[in-house]
Structures are given as structure tokens and as C-alpha cells.
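Asks: sequence and predicted structure, then a few things I'm wondering about:
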Amino acid sequence: MSAHSASPGAAPGEVNHWRRFVLWWLVLSVIGTVIVVVVLAPGMPPGNGTVEASGQVYDDTVLLGLSTPVALGVIVFFVYSIVAFRERDHASVLEGPRITGDARVQTWWLVITTALVIFLAAFGTVELEKDGAGGGQGPNPLSTPPRGTHVLQVQVIAQQWKFTYRWPAYGGVETPTLDLPAHTTVEFHVTSLDVIHSFWAYQLGVKADANPGVDNTAFVTTKGPLTFEVHCDELCGVYHGYMYDTGHVVPRAQFASWISGQEKQYAPATKSLPPYAHAYFPAPTRRGG
């Protein structure tokens, strides 16, 4: 058998490449996983501004932590193969020995990868069910806050090319900016007045499509004070790139003062608004309506 045999059961005096590969992989996996989980993952977006955002960071940490040894296994295999089994005599390059499959390697590969995929599927399902992950769940959400939780409803109304926000608990006033009270569970009702948009406030961990005539519900539980960005994440026309604004999570007392001022400022406009509804249809124009 050649000195470069890759057989796990190498004869005495031969290089046991399998043992070397596993040793390199284990060492690099421990180092790489610690760096990813402890150093890199905690600082990933969307951050920890809300319960849902923190949950997403935790989920990403678990996914990255589990995928790091898999990725390093592939990288180490290729690098080791290139270094250990390269043809050193360039003057007489011959066809290499025939390679046959190893049932043990194939079996372990199938067992480990299948178990990993099943675990991640179950883990992701449980995490999504736990807090909704901030994603739009349509008009009949499966994942809702625990019974008895006080929620603040905010309707997000998208139109070319601006988001506005309506507050049913405050007389149906509609505001051009979004301030939210800290330590509060917010129930977003996302809809559109014209074309398809998408409400994306990634520091909140929220993203929900805005479709005309559809009520898309998303939940988020705020933490402390926070400045967040709101973007449209669905191509909606020529000024799509300018459809964004900035929102704030503020102390409850400050929010109460802000919403009171909005009610007074926009009282004349509120009288002209249609009755509050979870979804609106585009007003007919130039079609006899």
C-alpha cells in the first residue's frame, strides 16, 4: 500500500491520513465554533432591541454554531487532500489509483446529516411558534402572545411611496412617523392602498408584506429605548428606494405625550378619514367609480 494511503486502517509504518484529518478537523472546529458563537454571532443583526430580534440572533447563533463544524469538515478535507495527495513528481504524472466507496463513511455521513437536518427543522419550528419571529402571519396568525397579554394595535398603511401608521386605540388618528412605547407587545396590522409593498423594520425583527385588501398581522415585544429604520422591502415602483423612515422606541410616559400631541395635531384630518378597518382597498379612479 502506498505511503499516501487514506485508509482509516493503515498498516504499521504508513501515514494514517484519516486520523490526521479528524484531528485537524476537531481542533479547527472547536476553535472556529467558539469564535463564531462567542465573538461573531452575538453582534449580528437584527440585534437585541426586541424579544423577536433577540430570538432571531439566538436562532442564528445556533444555526451558525452547528454549521461551522460541517463547513470546516469540507474545507479541511479539500485542503488536506490537496496538500497530502498532490503529485510531487511533475515530470511523470500518472493516473491515480482507482478509488472505491467506503460504506462506513457513507453511512455515518447520511446518519449525521439527516439527524442535523431533522433537529434544525424541529428547532426552527419551535422557535417560530414561540414568538412568531416578527414575520407576517396573515389575518389569522397561528402564533400569538399568551392569553391575557395587553397588546397595542398599530396599523401600517403602505402606499407609493410612504408608510403611515393608524392607531385604533387613539381615535383612529393616522401619523406619518412611528413611535412605540418600551416594554410593550405591539400587534402590527400591515396593509396597502395601492401595490404590493413590504414593511421591514429589521432592528425590531419585523418584516411583513403589505398587500392591498389584506390584513397581515405581526407581533413584536419592545424592550428599552431604540432607534430603528423602516424600509419597503418589495420593489414597488420608481421611488421604491426612497420609501423609508426612522422610528423610535421610547419610555411609556414619553410615548403617551407623543401620541396625545399627534391626536391634537391631526384631529382635522382624522375626521376626514374612513372608518378604521383592518384592510383597505384602493379607491377606484378613472373607472367610473
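Replies: Yep, that arrived. Remember, predicted model here, so these are calculated numbers, not experimental data.

Asks: what comes up buried for stretch 105-119?
Replies: Going by neighbour count (16 or more other C-beta atoms under 10 Å), nothing in stretch 105-119 comes out as buried. For glycine as for every other residue, the C-beta is placed from the backbone atoms N, C-alpha and C.

Asks: repeat for stretch 146-157
Replies: Quick answer for stretch 146-157 (16+ other C-beta under 10 Å): Leu152, Gln153, Val154, Gln155, Val156, Ile157.

Asks: and the first one, what does it touch?
Replies: Yep, that's Leu152 we're talking about. Ala169, Leu180, Pro181, Thr184, Thr185, Val186, Glu187 (C-beta atoms under 8 Å, 6 or more residues apart in numbering).

Asks: average pLDDT for the strand or helix carrying it?
Replies: Assigned by DSSP states H and E, Leu152 belongs to strand 151-159. For strand 151-159, the mean per-residue pLDDT is 95.

Asks: what strands flank it, and is each parallel or antiparallel?
Replies: strand 162-167 (antiparallel), strand 185-192 (parallel) (DSSP bridges).

Asks: tell me the most buried of those?
Replies: Among the strands paired with strand 151-159, the stretch with the highest mean neighbour count (mean count of other C-beta atoms under 10 Å) is strand 185-192, at a mean of 23.

Asks: what's the following helix or strand after that one?
Replies: Counting by DSSP H and E, what follows strand 185-192 is strand 197-201.

Asks: where does pLDDT dip in this protein?
Replies: 1-13, 90-97, 131-134, 283-289 (pLDDT under 70).

Asks: tell me the spacing between Ala182 and Thr227.
Replies: Ala182 is 12 Å from Thr227, where distance means C-beta to C-beta, to the nearest Å.

Asks: re earlier: can you redo the strands paired with strand 151-159 as TSV with distance to Gln56?
Replies: Shown next, in TSV, are the strands paired with strand 151-159 (distance: least, C-beta to C-beta, whole Å):
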stretch	distance to Gln56
strand 162-167	22
strand 185-192	16
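
Asks: out of those, which is closest to Leu64?
Replies: strand 185-192 (28.2 Å; C-beta to C-beta).

Asks: what lies in contact with that closest one?
Replies: 136, 145, 149-159, 180, 199, 206, 208-222, 278-280.

Asks: mind running it again at 7 Å?
Replies: The contact list for strand 185-192, computed with C-beta atoms under 7 Å, 6 or more residues apart in numbering, reads 136, 145, 149-159, 180, 199, 206, 208, 210-212, 214-222, 278-280.

Asks: and if you look at stretch 120-129?
Replies: Gly55, Asp59, Val62, Leu63, Ala133, Ser143.

Asks: ok, of those residues, which one's closest to Thr164?
Replies: Of all the contacts of stretch 120-129, Ala133 has the smallest distance to Thr164: 25.1 Å, by C-beta to C-beta.

Asks: re earlier: list buried residues within the contacts of strand 185-192.
Replies: For the contacts of strand 185-192, buried by 16+ other C-beta under 10 Å: 136, 152-159, 180, 199, 206, 208, 210-212, 214-222, 279-280.
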